[in-house]
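> Here is a sequence together with a model predicted from it:
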Amino acid sequence: MRLVILMVLVLQWMEDSPYINTHSRRRFIMDPLDVISNLDKVVPYFQPIYGADTQHCVGVEVVGRLKLENLHSLEFFFANDLVPDDYLLEVDNHILIQALDEVVQSNFDGGIFINRHPSALLTDDPENLLSIFQSYEEKGVQLNKIVIILQHQLFYGFEKELKNLITYYQTYGIKFAINSVNEKLINLEKLRFLSPDIIKIDFKMVQQLHTSSFQDLLNSVIYVARKVGASMYYDGIIDSIQLRNAWKNGGRFYQGAYLFTPQPSINQLNHECEPLKNDIIKYIRGEKNKLIALRDMTNLIQQKVESAINKFKLGEDLNSFLMNISSELNPFCFRMYICDEDGFQQSANLFKVYGEQWELQEKYKGRNWSWRPYFLETVLKMQSNDQGQLSDMYRDIETGEKIRTFSYPMNNGSYLYIDLSYDFLFKHNELLF
C-alpha cells in the first residue's frame, strides 16, 4: 500500500514539477496507439550525412517524427516489441512515401538512408517495398542511392531469412546498413554473415555499453567491415572528440547534432559542413605530428640498439650477449630475447625484476612465437629493409601492462626483441597511441 501511494505521489510530482516540461511529460505517457491514431501527423525529418572524402552532404537519413503539440521521435514506437507488424509496416511506408516525395521535389541526388523495422520487412512481400521504390525510379530516384538501415537487436534469430532478403534487394542495387551497436554489440560472426554494404556505429548507444574499451569494440567491428568490404558510418556525433574518433577509425560517413540537426525539408540542410572541413584539417595536422614524433623516437631507439650491439661482440653465448647490452638499454626496456626467423627463441628471456635487477629466465628458450599477430610479417619487413620495427601498443600476456616491442635484425640471421617498459612509453606521449 505504501508503495502504491509513493508511486502516485511520484507521478503527481512529475506532472506538476516545473523541472519536467510538457514535452518530457508527453513523451513519458506516449503510447504506440497515439501514432496509429495520428498517422496524418507522422512526418519525415531529414538529417544530413557527410562524406569524409568530400566533406559535403552525400546523403540524408529519414527519421520519423510525430507532430502534435510538440515534436516527438518515433523511437519508442519502433522499439516496442508489442506493436504489431502491420502497424510497423503502415507507419514505415507512410514515412517512406512522404520522404521520397520530398527527395523528388528537392531534386536531391544523394543517398537516401531509410530505417525499416526488420520484423515488418520480413513479414511483408518483398515485392511491395520494391514496387514503391520502382514507382519513384521513373521520377528520378535511383535504386542504387537507396540504403535500408536495420537495427541488429530487432532481427535476432532471423538472420538466415534476412540474409536472403538482403541478397534479393542488393541485386537491384539497393544497399543495406546494419547498426552494429545498440543495447549490446552484435555478434560479429552474424554481422560477417549478413555482409552489409555499410556498418553503422551510434555513439549514443556506445556510451551506454558496459565495455572496458571503446577502442577494442571499434577494432572488432572495423575488422569485420574490412573483411566484408563495408563502409563505416558513425552517427550520434555531438562534439569534435567523437568526430575525431570516427575519422581516426575509418569513418566514411558522419552524422550527428555536432554537424547538423534533422530538418523537415532537404532544402533546409547545410550541404557543405565547415566544422567538418576545419576539424579534419586539424586532425590531419595532429596525426602527422604524432607520426613524425613516433618516427623520430623509433630512429632514436634504433641508434641506441645499434650502438649497444656494436659495442659487444655477438658470440655463441646469446645469454651473455643480452647481459652485456642490458647496461646500455636499461633505461627503456624491461625484457629482451633473441629468436630465429621462424619464431623459435634461441636465448633465455632477460627480464628486469622489480625494475632494478636483470634475471635470466631459461624456461623460455626454445619456445615459438610465430603464432603471435604480425610476428612473421615483422620478420619479413626486417629482412626486406634491414631496419628495426616498432610494434603497435598491445597488452603484455604476463605483466598485463600495455607495451611496445622493438625488433631488430642481427648479423647472424637472428632477431633481437626488446620490450619497452610502460614507464618509458608514458614519458614519451608519441609512443602511447
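Now that the structure is in, tell me what you want to look at.
> Show me the shaky parts of the protein.
For the chain, the stretches with pLDDT under 70 are 1-30, 153-157, 181-186, 207-213, 433.
> mind checking how far residue 71 is from residue 250?
Using Cβ to Cβ, to the nearest Å, residue 71 is found at 34 Å from residue 250. From N, CA and C alone the C-beta is placed, and that goes for glycine too.
> An error on my part: the question was meant for residue 403.
Taken as Cβ to Cβ, the span from residue 403 to residue 250 is 25 Å.
> Could you do residue 187 as well?
On the measure of Cβ to Cβ, residue 187 and residue 250 end up 21 Å apart.
> Compare those two (neighbour count), which wins?
residue 250 (16 against 13; other Cβ atoms under 10 Å).
> quick one, what contacts the more buried one?
By Cβ atoms under 8 Å, 6 or more residues apart in numbering, the contact set of residue 250 is 222, 225, 232.
> Go through the chain and flag its longest helix.
Looking across the chain with DSSP state H, the single longest helix is helix 274-311.
> counting contacts, what elements does it pack onto?
Helix 274-311 sits against helix 240-248, helix 318-329, strand 389-390, strand 402-409, strand 415-420, with contacts defined as 3 or more Cβ pairs under 8 Å, 6 or more residues apart in numbering; DSSP states H and E.
> Could you count how many residues lie near residue 92?
Neighbour tally, residue 92, other Cβ under 10 Å: 21.
> residues contacting it?
115-117, 120.
> one more time with 10 Å
64, 74, 78, 114-117, 120-121, 124, 129 (Cβ atoms under 10 Å, 6 or more residues apart in numbering).
> Quick check: which element contains it?
helix 85-106 (DSSP states H and E).
> and the residue nearest to residue 197 when sequence neighbours are not counted, how far is that from residue 124?
Among residues not flanking residue 197 along the chain, residue 175 sits closest, at 4.0 Å (Cβ to Cβ, 6 or more residues apart in numbering). From residue 175 across to residue 124, the span is 19 Å (Cβ to Cβ).
> swap in residue 225?
Counting by Cβ to Cβ, the gap from residue 225 to residue 124 is 28 Å.
> which of these two has more neighbours?
Neighbours per residue, other Cβ under 10 Å: of residue 225 and residue 124, the larger number sits with residue 225, 23 against 18.
> where's that one, which helix or strand?
With DSSP H and E as the test, residue 225 turns up in helix 214-228.
> Just after that helix, pick out the following helix or strand.
Next element after helix 214-228 (DSSP H and E): strand 231-235.
> Kindly export that next one (C-alpha atoms) in PDB.
Extracted as PDB, the C-alpha positions of strand 231-235 are listed here (Å, rounded to 0.1, in the frame of the first residue of the first chain):
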ATOM      1  CA  SER A 231      31.900   1.300 -45.200                       C
ATOM      2  CA  MET A 232      31.900   2.700 -41.700                       C
ATOM      3  CA  TYR A 233      29.100   5.100 -40.800                       C
ATOM      4  CA  TYR A 234      29.200   7.000 -37.500                       C
ATOM      5  CA  ASP A 235      26.000   8.500 -36.100                       C
END
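> Would you confirm that residue 300 contacts residue 424?
No - between residue 300 and residue 424 there is no contact under Cβ atoms under 10 Å: 11.6 Å.
> of the two, who's got more company?
Higher neighbour count among residue 300 and residue 424: residue 424, with 16 against 12, using other Cβ under 10 Å.
> Can you tell me the SS state at the more buried one?
helix (DSSP: H, G, I helix; E, B strand; the rest coil).
> Isn't it up against residue 332?
Yes - counting by Cβ under 10 Å, residue 332 is a contact partner of residue 424 at 4.1 Å.
> what residues are shared contacts of the two?
301, 431.
> For residue 71, list each beta-bridge partner.
Assessed by DSSP bridges, residue 71 has beta-bridge partners residue 67.
> quick revisit: out of the contacts of residue 250, who's nearest residue 103?
residue 232 (24.4 Å; Cβ to Cβ).
> any idea how far that closest one lies from residue 122?
From residue 232 to residue 122 the distance is 26 Å (Cβ to Cβ).
> Kindly report the same for residue 352.
For residue 352, the distance to residue 122 - Cβ to Cβ - is 59 Å.
> Kindly report the domain assignment for the chain.
31-272, 308-431 (automatic domain parsing).
> now the ones you listed as CSV including distance to residue 287?
Formatted as CSV, these follow (distance: least, Cβ to Cβ, whole Å):
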stretch, distance to residue 287
domain 31-272, 7
domain 308-431, 11
